[in-house]
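Chemist: Let's see this in three dimensions:
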Amino acid sequence: MYRIHRQAQPSTAALALTLFALLTLVTGLGTAASAQIFTDLHDFNSSAGDPTGFNVTRLAQARDGELYTESNAGGTGKGTVFKISTTGMVSIVHSFNGTDGSNTIGGMTLGSDGNLYGDTWNGGSAGLGITFKITPAGVETALHNFTNTGDGSNPANALVQAASGTFYGTSNTVETLYSISSSGTFKTLHISSATDGQNGGQLSLGSDGNIYGGMNGGGANGQGTLFKMTPTGVYKVLHNFTGADGSLGAPGMVQAPNGVFYGTGEFGGANNAGVVFKITSSGAYTLLHSLNGTSDGKQPFVVTLANDGNFYAATQSGGSSGCGTIFKVTQAGGFSVIYNFDNTHGCNPAQYLTQATDGKLYGLTQAGGAHGNGVFYSLDLGLHPFVTLQTTGGLVGSSVGILGLGFSTSSVVKFNGVTAAFTLTDTGYLTATVPAGATTGVVTVTTGSTTLTSSQSFTVHDSWTSGAVLPTAVQGPATGAIGSKVYVVGGATSSAVVNTNQIYNTATNKWTTGAPMPTARFVPASAVVNGILYVIGGCNSACASGSGALTAVEAYNPVTNTWTTKAPLPTATDSVTAVVSGGSIYVIGGYVPGVGRVSTVFRYNPALNAWSTEAPLLVAKSDVNVGLLGSTIVAAGGLSNSGFTGDNEGYSASKNLWTMLVADPTARSASCTAAITGQLYAAGGSNGAALSVLESFNPTTKKWTTLAPMPQAVVAPGNAAAGNLLYCFGGSSTGGIFTGTVYNNVQIYRP
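Modeler: Next up is the predicted model:
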């Protein structure tokens, strides 16, 4: 059955807007402001053998352009996997028989291999459910049979697939979070306690590589929780619902491009009808809207981020007919109902909305329609067609599956403006190769006069980009990342040692200034502890003659925009570097006028404002590349009294002991260095000349890896890690004070 149901008859002006919407669908030029069009595409009929039973169901668009999902009834009676076209044509792909699964629930996920993946609540070898994969042609393979022996049972939510190819899911009886490969390698990552939250829900992936989700029960208040988990199973509760701010967080959350997560609680809030919220990856929670239970709807489900930047979701009940609603939420929190289900065209939505590449939202209802078995519907909001990426990150040369519509062999694919080679499978699917020179950004596919843009940004790993240039070009500054801002303080210009405080906002790519540092200095050590930037040692303009080393220690508080003088460094030292471990700052090596390069290691305790002397380096050196990897301080490279070195040492604070590690293949000093996700990155620096080489040290494999070189070879840039990116600020062509070229560029590396 195929019928169109409009909210209201449009005016002449609305008809004009609808025409504009059609034009934008053809050209891909934005979003029309026309009234939405709801279309009842198929009324399910159990008497005619249709699949039925859609209480928790996500649709997945496959490479053939069809939508695939599950039903927990129909077929032979144990549930089905079926496909349905965007015009409402239904075909059962597989009927479960109990042995291969039963009571399918949660919906489907398209894997990067082109197969579809899902769960069944029951069935399998132990009758406790399975995780399976199925080809679009209907060949089903059980990947894991749940047995409740450490793996839980009764999985009930759609799987999510990480860039690595690994899938993540939840089981609901003895709540577990698990990973599983496309070949069936299963691992229990976490078994939830009552404190963690219980009765798990839908997972999602964050841009930081962690897994995020919610629980319907448990937690500190028994109202459910929101959590994040690393791929290795390290679990952290981000928020405990109180009831007043929401409850039952199983619908989960979705990350917006700004990094903030948006989601719903099924109940709680001002009217116990559910809430819409946002939360950061660190757990800062904001209640955006409490549903009123009547006109808003009641019991909201998981939100979908559409390509207009807004979120859309359905409610189980409420609305003008009591059958539920579809609502929109802006990233600012604006809430509006855009459709009321009326039973004739469906009642009680089945949780998920899916935006297909034609721009329309699609979903299922559990009830209503001509036969009372639910409907398959679309909601056309005038959103333009787009392409979606099967993987959202990779290296140059890797393959990326792209779904869309209208592709041909004459299409042009670009990664952030760089043309890519591709292979066409059909008009709705192609595979592109990430081209050399590509940078992180959107992917476009142009066919004739139509350009379709990806709804996701593609991250090019092992790549460099640029930030807004430094207002004042410097080399050898102090640097520190606090939140989304990096403070670049002091350093030397081409003619002076300065005390400037330049502040870079990594979120906006803009510069501001802060209170200047009391003591102008070049090549000091710097470190951040508890949101305070400490600047230690360094030298004044007398560095040019080999003297001028300082003992000064000054601390900057960005909240008050003030500097405070702290206990001085025991020995006046420049060309020093520092790293934080256990809340203390370790100042390593450096140059002492009249002595040369030194091996001293001083530890500063900010809480006591006191210094102590620790075990010295094995090799005296300055301008060392340092970072904390796990519990080990790594000090690689530097300039020794006999020349540039690749010497690499590791320090255990608990043992107060240095040991030799695998040497850096490139002997150098004064690199752009930071520890990111357990590896030490060293870019540029000097071995007598400015270098562009980038290498990383992995303490687990005990190996150095050569990576994409810096676009601009630099010595003594400021360096910081923020958002798992390496930022390199300024630097010079020589590293010598008042010699060579001092740069104002900002080079940003994405591992």
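Chemist: Give me the packing partners of the one helix or strand T446 maps to, helices and strands only.
Modeler: Counting by DSSP states H and E, the element that carries T446 is strand 441-447. With contacts taken as 3 or more C-beta pairs under 8 Å, 6 or more residues apart in numbering; DSSP states H and E, strand 441-447 sits against strand 399-403, strand 412-415, strand 450-460. For the C-beta atoms, the positions are set from N, CA and C on the backbone; glycine is no exception.
Chemist: next structured bit after the last one?
Modeler: Following the chain from strand 450-460 toward its C-terminal end, the next helix or strand by DSSP H and E is strand 463-467.
Chemist: which other residues reach that next one?
Modeler: 396, 438-440, 504, 506, 509, 708, 710-711, 727, 745-750 (C-beta atoms under 8 Å, 6 or more residues apart in numbering).
Chemist: let's see 6 Å
Modeler: For strand 463-467, the external contacting residues (C-beta atoms under 6 Å, 6 or more residues apart in numbering) are T439, N509, P711, V746, Q747, I748, Y749, R750.
Chemist: same deal with stretch 118-129?
Modeler: Contacts of stretch 118-129 (C-beta under 6 Å, 6+ apart): 70, 98, 101-106, 108, 130-131, 145-148, 153-156.
Chemist: Start and end of it, how far apart?
Modeler: 11 Å (C-alpha to C-alpha, to the nearest Å).
Chemist: List the buried residues of that stretch.
Modeler: G118, D119, T120, W121, N122, G123, G124, L128, G129 (16 or more other C-beta atoms under 10 Å).
Chemist: Nearest to T444 among the residues you listed?
Modeler: T444 lies nearest to G118 out of the buried residues of stretch 118-129, by C-beta to C-beta, at 31.3 Å.
Chemist: Quick check: bridge partners of the closest one?
Modeler: F132 (DSSP bridges).
Chemist: What of the one 4 residues further on?
Modeler: With DSSP bridges as the criterion, N122 is bridged to S102.
Chemist: can you pull the pLDDT of the residue most central in space within the chain?
Modeler: The residue lying closest to the centre of the chain (C-alpha atoms, centre = their mean) is S207, at 0.7 Å. In this model, S207 is scored at 85, pLDDT.
Chemist: likewise M660?
Modeler: At M660, pLDDT is 98.
Chemist: Can you name the residues bridging to it?
Modeler: E649.
Chemist: circling back: need the helices and strands packed on strand 441-447 in CSV with distance to G222, can you?
Modeler: Formatted as CSV, these follow (distance: least, C-beta to C-beta, whole Å):
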stretch, distance to G222
strand 399-403, 42
strand 412-415, 48
strand 450-460, 36
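Chemist: Now tabulate the ones you listed in CSV and tack on mean pLDDT.
Modeler: Below are the helices and strands packed on strand 441-447 laid out as CSV (pLDDT from 0 to 100):
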stretch, mean pLDDT
strand 399-403, 96
strand 412-415, 98
strand 450-460, 95
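Chemist: can you pull the contacts of the nearest residue to S526 once chain neighbours are set aside?
Modeler: Of all residues not flanking S526 in the chain, A478 sits nearest, at 3.5 Å (C-beta to C-beta, 6 or more residues apart in numbering). Contacts for A478 were tallied using C-beta under 6 Å, 6+ apart; they are V489, G490, P524, S526, V535.
Chemist: Specify the beta-bridge partners of A478.
Modeler: Legend: beta-bridge partners of A478 under DSSP bridges are V489.
Chemist: how much space between it and T571?
Modeler: 18 Å (C-beta to C-beta, to the nearest Å).
Chemist: In a strand, G363, correct?
Modeler: Yes. G363 sits within a strand when classified using DSSP: H, G, I helix; E, B strand; the rest coil.
Chemist: how deep is the residue lying closest to it once chain neighbours are set aside tucked in, by neighbour count?
Modeler: Nearest residue to G363, sequence neighbours excluded (C-beta to C-beta, 6+ apart): L353, at 4.9 Å. Residues near L353, counting by other C-beta atoms under 10 Å, number 24.
Chemist: And for H461?
Modeler: The number of residues packed near H461 is 17, by other C-beta under 10 Å.
Chemist: Setting the sequence-adjacent residues aside, check what's closest to it.
Modeler: Per C-beta to C-beta, 6+ apart, closest to H461 is L395, 5.4 Å.
Chemist: any chance of the helices and strands packed on strand 441-447 in TSV, plus distance to T673 and mean neighbour count?
Modeler: Below are the helices and strands packed on strand 441-447 laid out as TSV (distance: least, C-beta to C-beta, whole Å; neighbours: other C-beta atoms under 10 Å):
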stretch	distance to T673	mean neighbour count
strand 399-403	31	21
strand 412-415	29	20
strand 450-460	22	19
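Chemist: hmm, back to that, from the contacts of stretch 118-129, list just the buried residues.
Modeler: By 16+ other C-beta under 10 Å, the contacts of stretch 118-129 give 70, 98, 101-106, 108, 130-131, 145-146, 153-156 as buried.
Chemist: Looking at these, which are in strands?
Modeler: E70, S102, N103, T104, I130, T131, N145, S153, N154, P155 (DSSP state E).
Chemist: so what's the second one up against?
Modeler: Translated: S102. K78, F96, T120, N122, G123.
Chemist: again with the first one
Modeler: The neighbourhood of E70, defined by C-beta under 6 Å, 6+ apart, consists of V81, T104, G107, G118.
Chemist: If you count neighbours, what's buried in stretch 164-174?
Modeler: Quick answer for stretch 164-174 (16+ other C-beta under 10 Å): T166, F167, Y168, G169, T170, S171, N172, T173, V174.
Chemist: how about the residues you listed, which pair is most distant?
Modeler: Farthest pair in the buried residues of stretch 164-174, by C-beta to C-beta: T166 and T173, 23.1 Å.
Chemist: Adding pLDDT, write the contacts of S102 out as TSV.
Modeler: As requested, the contacts of S102 are exported to TSV (pLDDT from 0 to 100):
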residue	pLDDT
K78	93
F96	96
T120	96
N122	95
G123	95
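Chemist: Widest-spaced pair of those?
Modeler: F96 and N122 (9.3 Å).
Chemist: can you give me the strands for the stretch 651-751 of the chain?
Modeler: All strands of the stretch 651-751 of the chain, identified by DSSP state E, counting those that start in this stretch, fall at 657-660, 672-676, 679-683, 694-698, 703-707, 718-722, 725-729, 746-750.
Chemist: which residues are contacting the first one?
Modeler: Residues from elsewhere that reach strand 657-660 (C-beta under 6 Å, 6+ apart): A615, L618, E649, G650, Y651.
Chemist: count of neighbours near the residue lying closest to G201 once chain neighbours are set aside?
Modeler: Spatial nearest neighbour of G201, excluding adjacent residues (C-beta to C-beta, 6+ apart): A250 at 2.6 Å. A250: 26 surrounding residues under other C-beta under 10 Å.
Chemist: Break down this structure into its helices, ranges please.
Modeler: Here the chain has its helices, by DSSP state H, at 12-27.
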